[in-house]
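>>> Pasting a predicted model and its sequence here:
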Amino acid sequence: MYRKVVIALPFYLMLMHVCFAADPAVLQVRGVVPHEVVQRVGFEANVANGYADVAICCEIPAELSIPNSATWQYRVVGLGDNATKLDLWNRLRPDVERRSEQTVGSGVARIAAGGWYRLEIQCKEDTSILARASVEPFGVGGVFLVAGQSYCTNCNDERLVVMDPTQRVVAMSTPAGPWNVANDPQPVHDGSDGGSIWPPVGDTLAEVFGVPIAFANVGIGGTHSAQWLPGGAFHLNLVATGKKLGRFRAVLWQQGESDVIGKTTTDQYVANIQLIEKAASEAWIQRPEWLLAKSTHHPTVYDDPVGESAIRQADDLLCTAFPFQAGPDTDTLRDENRGGLETRRHFTAIGQRRAASLWVETLKQLIATPKPSSDKLSTRLPTLHLWDACCSAPTIYRESSVLLQMQDDAPITARLALPSVHTTTNLSATLARRGWRRGIMILTLNRWRRGNESLDSVVFRRLEYRSARHRDGMGHGGRCRQCAGQDGLWRGGV
């Protein structure tokens, strides 16, 4: 009898633990919301589909105590036609870009391009699940910021709807509203409530590339380029929306008719657009492409071939230099593509679809041709294991990002190359903000060119770092796998 009690007691205790263990707390997720699409990086046609490092955080109630020893994990589950059952949990990585703001339950999840997905998060200690959270649907794909005037908002004749079977085309209510399926009317700020050109653009791109597509539209009908200049309300909204998106593929600019009416000269239009782009890129700390549609024809309002030609020439001049690229020529859509006086006086239903097709062809070419820098080389430099970039520039070029140590006990010298617009102005301030200013010596600062881009080569040294553990790994440059995280600058890993 005694032997039977000894054997049965552990099973009884285990059964009591299972029956009376507290249910895991249910938490809310911040950082990704339902129907949100995060811009992918690393895409290369026929080679790699890309991914996104998604910063997430769980809201933890004050009454819930999470021990420091707990582990936070995530997994991604495909939905609908993308359905998968995954038992593999991954550990949340520290969010190095927000290290000073890091809280319990926050980190970065690397997610492959695709969707729709459900993101599941759990907090685990030993075998016990302390808390859970989830959000769905969300995806990793292509994100576009739309700006300009009425032809890019809801001033066209027919309200179009998303036809993608799994509704992978969404729009953000800018700059801080929710994400929803991008059925017309689009969430814009000019009060227009007709149809747009964007649902069929998203449908085709989602089908061709197999990822969700998102638009954030800040267009305002009737606006002149001067009204978008820095400091004005429209530019502030453009900047705020870009910041909210974080990372996006391109700005889709459909504007020009009001400048024809206003008799804007070619030179003045070029200057206006350059100022708009420069100030926005500096605020975003990234420099996405701007695709400029030729959008000057407005037959029910004016007949001014000379004025149209002035703005079209300006577009051509702008597109000779990065980041501007030629968008679709929607001026070619005439006759049955334009509504008469009894309509909304913009695109007819067939004109909307043809304008969408023109945008699709432009965007297919853009997406299929990776950016020379930031698409292939992530801002977080995962393969270089850089714990903290010396500057919050959007691009640090892999071939110029190396570590050197000339002697075993000498300081490490890091050499980085980044766009010039971010170097002189931002470097000192960034280093000071991160508490590095007294520990960094700028050794050289050289300017050079790569294609149309002006780049700075920055060689700097963190003075207080000393180590003799780099005999094998660092003498010839490259990554150190021995001193993971010792100085907060370099992190080892896979």
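Perfect, thanks for sending it. Computed from a predicted model, the values in this text were never measured in an experiment.
>>> all helices of the protein, in order?
In the chain, helices defined by DSSP state H lie at 2-20, 198-209, 233-245, 257-261, 266-284, 305-318, 349-368, 427-433, listed in chain order.
>>> Include distance to residue 124 and mean neighbour count when you put the ones you listed into JSON lines, please.
Heads up, the C-betas are built off the backbone N, CA and C, glycines and all. Formatted as JSON lines, the helices of the chain follow (distance: least, CB to CB, whole Å; neighbours: other CB atoms under 10 Å):
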{"stretch": "helix 2-20", "distance to residue 124": "16", "mean neighbour count": "9"}
{"stretch": "helix 198-209", "distance to residue 124": "35", "mean neighbour count": "23"}
{"stretch": "helix 233-245", "distance to residue 124": "32", "mean neighbour count": "18"}
{"stretch": "helix 257-261", "distance to residue 124": "57", "mean neighbour count": "23"}
{"stretch": "helix 266-284", "distance to residue 124": "37", "mean neighbour count": "19"}
{"stretch": "helix 305-318", "distance to residue 124": "53", "mean neighbour count": "18"}
{"stretch": "helix 349-368", "distance to residue 124": "38", "mean neighbour count": "19"}
{"stretch": "helix 427-433", "distance to residue 124": "34", "mean neighbour count": "16"}
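>>> Residue 69 is nearest to which of those helices?
Smallest distance to residue 69 across these (CB to CB): 18.9 Å, for helix 2-20.
>>> Tell me which residues of the lengthiest strand in the chain come out buried.
When the chain is parsed with DSSP state E, its longest strand is strand 128-148. By 16 or more other CB atoms under 10 Å, the buried positions in strand 128-148 come out as 130-135, 137-148.
>>> Now render the helices of the chain as CSV, adding distance to residue 52 and mean pLDDT.
Formatted as CSV, the helices of the chain follow (distance: least, CB to CB, whole Å; pLDDT from 0 to 100):
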stretch, distance to residue 52, mean pLDDT
helix 2-20, 38, 41
helix 198-209, 14, 97
helix 233-245, 12, 95
helix 257-261, 36, 96
helix 266-284, 17, 96
helix 305-318, 30, 97
helix 349-368, 15, 96
helix 427-433, 23, 46
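>>> Residue 180 is in contact with residue 169, isn't it?
No. Using CB atoms under 8 Å, residue 180 is not in contact with residue 169, being 10.3 Å away.
>>> that older thread, may I see the helices of the chain arranged in a markdown table, with distance to residue 219 as well?
As requested, those are exported to a markdown table (distance: least, CB to CB, whole Å):
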| stretch | distance to residue 219 |
| --- | --- |
| helix 2-20 | 57 |
| helix 198-209 | 10 |
| helix 233-245 | 9 |
| helix 257-261 | 12 |
| helix 266-284 | 13 |
| helix 305-318 | 17 |
| helix 349-368 | 14 |
| helix 427-433 | 33 |
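>>> quick one: which of those is nearest residue 56?
Set against residue 56 and scored by CB to CB, those come closest in helix 233-245, at 16.0 Å.
>>> List the contacts of that closest one.
With contact meaning CB atoms under 8 Å, 6 or more residues apart in numbering, helix 233-245 is reached by 39, 143, 145, 147, 172, 174-176, 189, 216, 218, 220, 223, 227-229, 248, 276, 279-280, 283-284.
>>> ok, now with 10 Å
For helix 233-245, contacts defined as CB atoms under 10 Å, 6 or more residues apart in numbering pick out 36-39, 143-147, 172, 174-177, 189, 214, 216-220, 223, 227-230, 232, 248, 251, 275-276, 279-286, 288.
>>> rewinding a little: what angle sits between the longest strand of the chain and helix 233-245?
Between strand 128-148 and helix 233-245, the angle formed by their directions is 150 degrees, by axes from the mean of the first three to the mean of the last three CA atoms, to 10 degrees.
>>> Pairing partners for strand 128-148, with directions?
In the sheet, strand 128-148 lines up against strand 25-26 (parallel), strand 36-39 (parallel), strand 114-125 (antiparallel), strand 213-217 (parallel), strand 250-255 (parallel) (DSSP bridges).
>>> higher neighbour count, residue 180 and residue 169?
Ranked by neighbour count (other CB atoms under 10 Å), residue 180 and residue 169 place residue 169 first, with 27 against 15.
>>> on that earlier part again, by mean pLDDT, show me the worst of the strands paired with strand 128-148.
Among the strands paired with strand 128-148, strand 25-26 carries the lowest mean pLDDT, a mean of 89.
>>> what's the burial count for the nearest residue to residue 77 once chain neighbours are set aside?
Nearest residue to residue 77, sequence neighbours excluded (CB to CB, 6 or more residues apart in numbering): residue 118, at 4.5 Å. Using other CB under 10 Å, residue 118 has 16 neighbouring residues.
>>> tell me the contacts of residue 118?
Residues in contact with residue 118 (CB under 10 Å, 6+ apart) are 75-79, 83, 134-138.
>>> where's it relative to residue 136, distance?
Computed with CB to CB, to the nearest Å, the distance linking residue 118 and residue 136 is 4 Å.
>>> Which neighbours do the two have in common?
Shared contacts of residue 118 and residue 136, defined by CB under 10 Å, 6+ apart, are found at 77, 79.
>>> For the strands paired with strand 128-148, could you give me JSON lines that also reports distance to residue 305?
Output for these, formatted as JSON lines (distance: least, CB to CB, whole Å):
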{"stretch": "strand 25-26", "distance to residue 305": "64"}
{"stretch": "strand 36-39", "distance to residue 305": "39"}
{"stretch": "strand 114-125", "distance to residue 305": "46"}
{"stretch": "strand 213-217", "distance to residue 305": "30"}
{"stretch": "strand 250-255", "distance to residue 305": "19"}
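>>> From one end of stretch 39-59 to the other, what's the distance?
Using CA to CA, to the nearest Å, the span of stretch 39-59 from its first residue to its last is 24 Å.
>>> And for stretch 223-241?
Length of stretch 223-241, first residue to last, CA to CA: 18 Å.
>>> Same check on stretch 240-254?
End-to-end distance for stretch 240-254: 19 Å, by CA to CA.
>>> Tell me where the stretch 51-200 of the chain has strands.
Secondary structure of the stretch 51-200 of the chain (DSSP state E, counting those that start in this stretch): strands at 51-59, 71-78, 90-91, 106-112, 114-125, 128-148, 169-172, 179-181.
>>> CSV please, covering those strands and showing distance to residue 296.
Below are these laid out as CSV (distance: least, CB to CB, whole Å):
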stretch, distance to residue 296
strand 51-59, 36
strand 71-78, 44
strand 90-91, 50
strand 106-112, 41
strand 114-125, 37
strand 128-148, 12
strand 169-172, 26
strand 179-181, 32
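>>> between those strands, which one is nearest to residue 210?
Among the strands of the stretch 51-200 of the chain, the nearest to residue 210 by CB to CB is strand 114-125 (6.9 Å).
>>> That closest one versus strand 71-78: what angle between them?
Going by the same axes, to 10 degrees, strand 114-125 makes 150 degrees with strand 71-78.
>>> where in the chain is pLDDT low?
For the chain, the stretches with pLDDT under 70 are 1-22, 82, 84-87, 94-104, 174-176, 370-494.
>>> domain parsing for it?
As given by automatic domain parsing, the domain ranges for the chain are 2-138, 141-368, 381-494.
>>> Which member of the contacts of residue 118 is positioned nearest residue 66?
Nearest to residue 66 among those is residue 134, at 17.6 Å by CB to CB.
>>> Could you tell me which residues make contact with the closest residue to that closest one other than its chain neighbours?
Nearest non-adjacent residue to residue 134, counting by CB to CB, 6+ apart: residue 120, 4.7 Å away. By CB under 10 Å, 6+ apart, the residues touching residue 120 are 29, 73-77, 86, 89, 132-136.
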